[in-house]
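> sequence and predicted model, in that order:
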Amino acid sequence: MVEPCIQVQQLTKKFSKRTVLQNISLDIPHAKITGLLGPSGAGKTTLIKLIAGMDTPDRGKIHVLSTKMPSLNIVKRLGYMAQSDALYTELTAYDNLDFFAQLYGLKGKTKKQRINEVMELVDLTSDLRKKVSKYSGGMKRRLSLAIALVHQPEVLLLDEPTVGIDPVLRQSIWSELELLSKQGTTIIVTTHVMDEAEKCHQLAMLRDGEIIAFDTPNQLMKATEKSSIEDAFLYYGGAKA
Amino acid sequence: MKMKALVIRIIKQFINDKRTLAMILVAPMFILWLMSQVFHSDQYEPTIALVDIPEQVSSLLENQDAQFMDYTTQTADAMLTEGSIDAILTWTSTGPELILEGSDPSVNKSMLILFQNIASELSPASNSLQASITYLHGSEDMTAFDSFGPVLIGVFAFFFVFLTSGISFLRERTTGTLERLMATPVKRWELVIGYVIGFGIFSIIQAALIAWFSIQVLDMLMMGSIWLVLLVTLLLAMTALTLGTLLSAFANNEFQMVQFIPLVIVPQVFLSGLFNIESMSEWLQWLSILMPLSYGADALREIMVRGSGWNEIAVDVYVLSGFSVTIIIANIFTLKKYRKL
């Protein structure tokens, strides 16, 4: 069997006394879009941050690209988009991208070219020189996505990437993610929007810090004999409670 | 490379936030100017009682910027104690005798200048005319502003950098950009040093502006080297910068950052030499040893008032550098909260 891109083994994470993630094991294969689905507070963001190496688990291990996290060498090869837009609003979109691109070691022509490419991708080229404080919520979201993509990461960790983005643009972002994954990028997306969940190649359902199911959307629906992911999710949640 | 990116970003943010830039550059000068006006008003016309003054002298006095009144020794003494006159000038057989009320250094200074004018007009060739000068209250031979101006330079350099760096690092925390930075390969020390350099550039400009303004425009007493003044001001600003970023970790919003002013800034101002530390209780004196501002203020006073050179301020410089380095290391450790690596 091919080694998975991301390997989570018996992961437990506590914040003071509250257990946020409970004994999670997950093998995420290369070049697939994996959705983390679950209600707010289920631990999706915590799991993403642990995979991104921003925090350390209390128990268990995470390997990304065959390297134990946290590791700065791996961080270079990850693209991360936070749940809240972390942007410098007093700077222009270009300055923001330029700054982050440099942190990932891009420079010169390559840097400029990548900035233009990602801005085109998120349809913000005409607003490149605008200050971020003048951006709408959806535009900020797209800029955050552009920043996550600028250094062509092998693994993309997206924490609710399409919140506040209109359906048309959401569609185009998803087809872009599809394309990226075809080109070999491993993508992890958290969401609680069900129609997005259906677009993922596989889904990990998270509830109260535990994985309650992990399979392709079709298999999940088949196994629960439901006609939608939403019903399947409710079934798993209800069965557990 | 990454550090350079940080530095450039900070510069761009500053340039886009003109008000903050104005605060660290213009506000200190404005307040210094205000203080100089408060403590340095030259317009004050002293009232002097004259006792047994020779005709030759009193005719000269009419050209001076002061009010003169002839009194007997007894009434003059009483009025001086009461505070209704500022000085008594008496001509004894041994020469002039000047008694100053003495509670207001700025009045004292104008009085001494006045007397020097009279003396030089009476005997321009020699300095034979020496007055015996006594003070009713205390004895201060310089203006208040001359004496605590150097401390004020330190205080304002410290205060404004502390506030701007603290709040801007705090904003980095509250807007999530700090967390976002921790998802990039930037190392914690690169982040902290990048901040120090980025803000350091503005601190250098601020230090130079404050020093130039105080000495050239406000005409503050300056006996020593301007370079040493710049060095000490810059080191103070560095300490303020690192302390501001460190303490921002313990504030959840801008308002809580401002709450550090009475806790961190005000005690330092009180214990940095604006007031005589030696007369304070012992535990307060110990407390001032822990305060960066007391070293900076001491060094600035040494340079500007006493004209001291490197040897006299070396210890202060080392201690200030020590403060900065220690707090920088503390900052790098505090960032572990955001990423263990």
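Ah, there it is. Residues are numbered from 1 along each chain as shown, chains lettered A, B, ... in the order given.

> residue A:227 looks like it's in a strand, true?
No: if the criterion is DSSP: H, G, I helix; E, B strand; the rest coil, then residue A:227 is coil and not within a strand.

> neighbours of the closest residue to residue A:164 other than its chain neighbours, how many?
Nearest non-adjacent residue to residue A:164, counting by CB to CB, 6 or more residues apart in numbering or on different chains: residue A:137, 4.3 Å away. All C-beta atoms are positioned from the backbone trio N, CA, C, and that covers glycine. Residues contacting residue A:137 under the criterion other CB atoms under 10 Å in any protein chain shown number 11.

> and if you look at the one 3 residues further on?
The burial metric for residue A:140, expressed as a neighbour count using other CB under 10 Å, is 21.

> ok, it to residue B:188 distance?
As judged by CB to CB, to the nearest Å, residue A:140 and residue B:188 stand 26 Å apart.

> how about the contacts made by residue A:174?
The contact partners of residue A:174, by CB atoms under 8 Å, 6 or more residues apart in numbering or on different chains, come to A:162, A:196, A:199.

> how close does the first one get to chain B?
Separation of residue A:162 from chain B (CB to the nearest CB, to the nearest Å) stands at 18 Å.

> got it, and the last one?
With distances taken as CB to the nearest CB, residue A:199 is found 24 Å from chain B.

> now do the helices in the stretch 51-200 of chain B.
Ranges of helices in the stretch 51-200 of chain B, per DSSP state H, counting those that start in this stretch, are B:55-61, B:73-82, B:105-122, B:144-174, B:177-181, B:188-212.

> so who does residue 228 touch?
No chain in the question, so chain A it is. Residue A:228 makes contact with A:194, A:221, according to CB under 8 Å, 6+ apart.

> switch to chain B, that's the one I care about
Residues in contact with residue B:228, defined by CB under 8 Å, 6+ apart, are B:299, B:303, B:309, B:310, B:313.

> among those, which pair sits farthest apart?
B:299 and B:309 (11.2 Å; CB to CB).

> and the two? which has more neighbours close in?
When residue B:299 and residue B:309 are compared for neighbours, residue B:299 comes out ahead with 29 against 13, by other CB under 10 Å.

> who wins for proximity to residue B:294 among the helices of the stretch 51-200 of chain B?
Closest of those to residue B:294 is helix B:144-174, at 9.1 Å (criterion: CB to CB).

> what helices and strands are in contact with the closest one?
Here helix B:144-174 touches helix B:18-40, helix B:105-122, helix B:177-181, helix B:188-212, helix B:226-247, helix B:254-258, helix B:266-269, helix B:292-304, going by 3 or more CB pairs under 8 Å, 6 or more residues apart in numbering or on different chains; DSSP states H and E.

> now the shortest one: how far from the chain's centre is it?
Taking CA atoms, centre = their mean, to the nearest Å, one finds helix B:266-269 lying 12 Å from the centre of the chain it belongs to.

> what of stretch A:50-62?
Put simply, stretch A:50-62 sits 16 Å off its chain's centre (CA atoms, centre = their mean).

> one more: stretch B:318-332?
Counting by CA atoms, centre = their mean, stretch B:318-332 comes out at 23 Å from the chain centroid.

> thank you kindly, that will do.
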